[in-house]
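Build me a structure from this.
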Amino acid sequence: SDPEPNKLGWNVSARGAGYTYGEDMVAFFLHNNAMQHMLRAHQLCLEGYQILFHDMLSTVWSAPNYCYRCKNVASILEVDENLERV
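Okay, here's the model as predicted:
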């Protein structure tokens, strides 16, 4: 499943497999699990990362120039001993 910034709820993915979810689903999950932020991977981000939904969700992509043709950069996320993003 992938985040969809322009829709709420769960929706069938345009890729033909899986679903997309909106900001409301992220807020619901975070609230029910006493969390403030969700970190995910495995979705290409040309800048190496993407932050959505008013800083509730981050996607990190760690494969530069994916498949030798996407010309994307890679990124990492560093957290401190309190699990805060730095």
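
how close does the residue nearest the centre of the chain get to Leu46?
Residue closest to the mean C-alpha point of the chain, counted by Cα atoms, centre = their mean, is Thr59 at 3.0 Å. Applying Cβ to Cβ, to the nearest Å, the value for Thr59 to Leu46 is 11 Å. Backbone N, C-alpha and C define where each C-beta goes, glycine included.

what does Gly22 give?
22 Å.

Which one of those two is surrounded by more residues?
Gly22 (19 against 12; other Cβ atoms under 10 Å).

which residues does the more buried one contact?
By Cβ atoms under 8 Å, 6 or more residues apart in numbering, the contact list for Gly22 reads 3-5, 7-11.

cool, Gln36 as well?
Contacts of Gln36 (Cβ under 8 Å, 6+ apart): 30, 56.

The protein: helices as residue ranges?
Secondary structure of the chain (DSSP state H): helices at 23-32.

Give me the neighbour count for the closest residue in space to Asp24 that isn't next to it in sequence.
Take Asp24 and drop its neighbours on the chain: the residue closest to it by Cβ to Cβ, 6 or more residues apart in numbering is Leu8, 4.7 Å away. Leu8: 11 surrounding residues under other Cβ under 10 Å.

If I follow the layout properly, Leu8 ends up in contact with Thr20?
No - using Cβ atoms under 8 Å, Leu8 is not in contact with Thr20; the gap is 10.3 Å.

Look at the residue nearest to Asp24 and report its pLDDT.
According to the prediction, Leu8 has pLDDT 97.

Now do the same contact list for it.
Contacts of Leu8 by Cβ under 8 Å, 6+ apart are 22-25.
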